[in-house]
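J.: below are the sequence and a predicted model; questions follow.
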Amino acid sequence: MNMVKRIMGRPRQEECSPQDNALGLMHLRRLFTELCHPPRHMTQKEQEEKLYMMLPVFNRVFGNAPPSTMTEKFSDLLQFTTQVSRLMVTEIRRRASNKSTEAASRAIVQFLEVNQSEEASRGWMLLTTINLLASSGQILVKLCSFVSPAEELAQKDDLQLLFSAITSWCPPYNLPWRKSAGEVLMTISRHGLSVNVVKYIHEKECLSTCVQNMQQSDDLSPLEIVEMFAGLSCFLKDSSDVSQTLLDDFRIWQGYNFLCDLLLRLEQAKEAESKDALKDLVNLITSLTTYGVNELKPAGVTTGVPFLLPGFAVPQPAGKGHSVRNIQAFSVLQNAFLRAKTNYLAQIILDAITNIYMADNANYFILESQHTLSQFAEKIPRLPEVQTKYFEMLELVVFSLNYIPCKELISVSILLKSSASFQCSIIAMKTLLKFTRHDYIFKDVFREVGLLEVMVNLLHKYAALLKDPTQALNDQVDSRNSSFEDQKQLALLVMETLTVLLQGSNTNAALTLPPSFRAGIFREFGGARCVHNIVKYPQCRQHALMIIQQLVLSPSGEDDMGTLLGLMHSAPPTELQLKTDILRALLLVLRESHRTRTVFRKVGGFVYVTSLLVAMERSLCSPPKNGWEKVNQNQVFELLHTVFCTLTAAMRYEPANSHFFKTEIQYEKLADAVRLLGCFSDLRKISPLNVFPSNTQLFQRLLDDDLISLDSVSPTLRHCSKLFIYLYKVATDSFDSRAEQIPPCLTNETSLPSPWGTPALSRKRHAYHSVSTPPVCPQKNIGEVKLQTGPTSIQSSDAVIIHPGAMLAMLDLLASVGSATHPEVGGRMCLKL
């Protein structure tokens with residue numbers, strides 16, 4: 001290869017003067033004219049001699065000229081190239097015929113080497129001329145822009161040599177030759193793939209040669225192989241427009257297995273360019289998935305599918321270049337992902353598959369039989385950097401393709417059950433939560449694919465962690481890589497999703513099972529018992545109560561309400577926050593459902609709630625006593641406020657409940673329980689005042705919801721004022737803004753029976769007035785009894801008494817208002833009330 005080194009590194013010839021160059025060009029033209037149009041017949045030997053005379057002249061004229069000027073100055077360049085090429089072939093054949101390979105190679109090399117001088121060495125001049133001609137823009141490439149040269153190469157059995165050349169190792173100084181061979185083949189691929197050429201490539205097993213060369217050579221680097229395959233893929237692409245033959249050959253000769261192995265080799269390569277080469281190879285394989293003559297269509301997608309989103313229709317392929325036509329090529333990406341050891345390879349493969357899905361909506365369904373995402377789910381926990389991407393692909397299927405991927409969801413349920421990675425489970429639950437909010441049908445899908453049971457199991461695991469953190473961590477697979485915060489986040493997501501699953505809705509009700517059915521299954525799996533057990537833990541209480549709310553709202557929610565009330569009753573007296581949270585949860589469902597208000601009465605709700613007041617005995621003493629010394633007073637009033645809110649909500653629109661409270665619980669006993677809180681005295685009779693109190697403005701501020709700390713008023717009286725406000729709101733049912741609306745049964749008829757069991761009264765402000773009962777206060781004081789639901793006073797211009805027993809309880813407690821240190825101040829307060 002010395003002559004190649006000399007050609008590639010040869011310095012440019014000394015530049016001739018323009019005059020010498022012009023004379024040389026004239027001489028070259030004259031000699032070539034004599035060769036093409038001889039005055040007499042010339043033998044082959046004479047023609048060769050004439051051509052050899054022209055070679056030094058050609059090199060002197062064009063050795064330093066730009067390649068583009070050859071055609072401009074020498075119009076017979078194409079014919080000259082043909083003659084020179086034919087001469088080179090002839091000389092090589094003379095030295096190769098009837099000789100061994102070694103002897104032929106030695107003879108050819110000796111012919112091409114420089115002997116005494118360059119111009120005297122015919123082989124060298126011939127090789128130099130061809131090299132100079134090639135620099136003008138690859139003559140062979142231009143020739144192969146037509147069909148006939150490609151067919152001639154096939155006819156002469158030389159085309160297979162190009163396939164061998166582009167996939168064989170060569171020293172660095174020969175790389176330009178390999179590159180040139182690749183360019184020739186790419187040109188043939190675009191312009192010369194006739195039926196005869198394809199038949200030749202098939203019969204000569206050219207693709208087999210390529211695959212074997214790339215696969216078996218230890219000298220080729222993975223980067224070189226990627227470059228080789230890029231050229232080969234052009235043949236596969238262009239041939240697929242007219243024939244499936246070459247794609248079938250590539251499959252038969254294990255080309256796809258080779259590509260998968262190459263991806264994994266590149267994954268482990270240390271070269272700096274390996275990552276870019278890996279990405280390029282994945283892109284080539286992605287393009288390969290669209291090659292093929294035959295269009296593939298989704299088959300049997302909706303057959304036997306239990307769940308379909310509204311409006312779903314199987315998309316049809318968009319056409320060549322977008323639709324998948326080569327499933328074997330797609331399998332390369334899928335198998336490489338399953339065998340990948342790095343996040344990088346896994347990431348670019350997922351990106352590639354996402355692009356395939358997005359290129360044509362039909363592609364996911366064409367590839368559904370490959371179970372791609374289902375198989376990937378098992379590997380995802382071990383690849384933290386691609387977990388988000390994987391679940392984004394699932395979201396793509398649901399939100400963009402409008403399809404429910406049941407098989408994939410089954411795989412996700414297995415993933416969650418294994419608890420192999422808490423971070424992966426967290427990402428999975430975020431996606432599942434999106435699905436449950438996307439369409440009502442997913443509530444039944446999750447039950448069918450086992451996700452409901454899996455989520456309950458996760459809830460049990462979290463409950464075990466809360467009960468015994470050390471033992472629970474020892475039993476977990478991912479304990480080394482997880483934290484309490486991760487497990488808490490996962491559990492909260494699970495509970496939020498379960499809450500949505502258990503919610504009832506009228507949307508598409510005919511297409512789904514009733515909420516009570518899902519709630520029943522939830523109970524069968526032990527979910528109800530588990531969620532009740534974790535209410536006592538503050539870190540998850542709100543989410544647990546949200547689930548219990550849905551259980552209570554379900555048709556079989558009596559036990560859940562009774563269990564929750566029992567938990568509240570059995571808690572220690574000073575567990576105020578737990579009791580407040582439970583009551584608030586119940587308050588929401590009592591406001592929403594007539595059935596739950598009825599259940600509340602039947603399971604003893606009124607008894608449970610009023611017993612809280614009894615349990616808070618002496619909590620408002622000044623100073624507090626009986627273990628209440630360290631309890632925050634704000635929490636005490638927060639619970640008291642919630643107690644009265646709950647009692648009021650339970651009686652709203654429920655005459656039976658109002659009657660039950662009046663006759664069974666009794667407002668007298670309610671007043672006694674309030675009196676025992678500690679801020680009221682034991683007196684049952686109002687003491688006479690020596691001086692008539694004239695300044696009651698101070699107590700107007702005390703009777704506001706937003707109490708202001710007044711140093712001149714004792715804590716005992718401030719506590720009493722708050723309790724009077726609570727009782728007043730019970731009497732007027734004014735704890736929330738809903739009370740300001742006209743009840744449904746009183747919209748137009750004010751004489752209809754009241755839903756509270758008292759005479760019907762309009763409740764719309766500034767529009768309706770009492771029609772059945774006299775005002776509570778004298779007419780002149782109506783303006784001072786204004787009621788508002790915000791942080792304002794209890795005064796109201798049209799106050800309506802809904803529960804008179806509460807007003808009687810207030811009157812009963814008036815006698816117990818007093819202050820040992822400021823008796824006159826207590827009297828003023830009584831007068832204001």
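T.: Here it is on my side, so go on. Quick caveat: nothing in here was measured; it's all calculated off a predicted structure. Numbering: from 1, shown residues only.

J.: what about M26, neighbour count?
T.: Neighbour count of M26, defined by other Cβ atoms under 10 Å: 11. Just so you know, the C-beta spots here come from the backbone N, C-alpha and C atoms, and that holds for glycine as well.

J.: what sits against it?
T.: With contact set as Cβ atoms under 8 Å, 6 or more residues apart in numbering, M26 has no partners.

J.: got phi/psi on it?
T.: M26 adopts backbone torsions of phi -60, psi -40, taken as degrees, to the nearest 10.

J.: for stretch 56-73, the averaged confidence score.
T.: Averaging pLDDT along stretch 56-73 gives 84.

J.: so where's this structure uncertain?
T.: For the chain, the stretches with pLDDT under 70 are 1-16, 136-137, 139, 300, 302-304, 471-482, 505-516, 686-712, 737-799, 818-833.

J.: ok, now with 50
T.: Across the chain, the ranges flagged by pLDDT under 50 are 1, 4-5, 7-12, 477, 505-511, 696, 698-699, 705-708, 738-793, 796-797.

J.: now the strands for it?
T.: Under the criterion DSSP state E, the chain carries no strands.

J.: could you find the closest non-adjacent residue to the most centrally placed residue in the chain?
T.: Nearest to the mean C-alpha position of the chain, by Cα atoms, centre = their mean, lies E392 at 2.8 Å. The spatially closest residue to E392, leaving aside those adjacent along the chain, is T354, at 7.7 Å (Cβ to Cβ, 6 or more residues apart in numbering).

J.: and for the one you found, the neighbour number?
T.: T354 has 15 nearby residues by other Cβ under 10 Å.

J.: isn't it up against V397?
T.: No - in this structure, T354 is not within contact of V397 by Cβ atoms under 8 Å, at 10.6 Å.

J.: give me the number of residues near the residue nearest to A269 when sequence neighbours are not counted?
T.: Spatial nearest neighbour of A269, chain neighbours left out: P222 (5.2 Å); criterion: Cβ to Cβ, 6+ apart. Close neighbours of P222, defined as other Cβ under 10 Å, add up to 22.

J.: just the one 5 residues further on next, same as before
T.: Using other Cβ under 10 Å, E227 has 18 neighbouring residues.

J.: so what's C679 up against?
T.: Counting by Cβ under 8 Å, 6+ apart, C679 touches L620, C621, S622, P715, T716, L717, H719, C720, L723.

J.: can you rerun that using 6 Å?
T.: Going by Cβ atoms under 6 Å, 6 or more residues apart in numbering, C679 touches L620, T716, H719, C720.

J.: test my guess that the second one contacts S622.
T.: Yes - under the criterion of Cβ atoms under 6 Å, T716 makes contact with S622 at 4.9 Å.

J.: more neighbours: the two, which one.
T.: Higher neighbour count among T716 and S622: T716, with 22 against 15, using other Cβ under 10 Å.

J.: before we move on, the earlier item: measure the residue nearest to the centre of the chain to I380 for me?
T.: Going from E392 to I380 by Cβ to Cβ, to the nearest Å gives 12 Å.

J.: how about F229?
T.: Distance from F229 to I380, by Cβ to Cβ: 29 Å.

J.: which residues of the stretch 1-150 of the chain fall in helices?
T.: Using DSSP state H, counting those that start in this stretch, the helices of the stretch 1-150 of the chain run over residues 2-8, 18-36, 44-62, 69-73, 77-96, 101-112, 122-134, 139-143, 147-155.

J.: the third one to helix 122-134, inter-axis angle?
T.: Here helix 44-62 points in a direction 50 degrees away from that of helix 122-134 (axes from the mean of the first three to the mean of the last three Cα atoms, to 10 degrees).

J.: who does helix 44-62 touch, helix- and strand-wise?
T.: helix 18-36, helix 122-134 (3 or more Cβ pairs under 6 Å, 6 or more residues apart in numbering; DSSP states H and E).

J.: quick one: closest of these to I285.
T.: I285 lies closest, by Cβ to Cβ, to one member of the helices and strands packed on helix 44-62: helix 122-134, at 32.9 Å.

J.: residues in contact with that closest one?
T.: Here helix 122-134 has contacts from 7, 52, 55, 58-59, 81, 84, 88, 111-112, 114, 118, 139, using Cβ under 6 Å, 6+ apart.

J.: surely P298 meets Y364?
T.: No - P298 is not in contact with Y364 according to Cβ under 6 Å; the separation is 8.6 Å.

J.: give me the more crowded residue out of those two.
T.: More crowded of P298 and Y364, by other Cβ under 10 Å: Y364, with 25 against 19.
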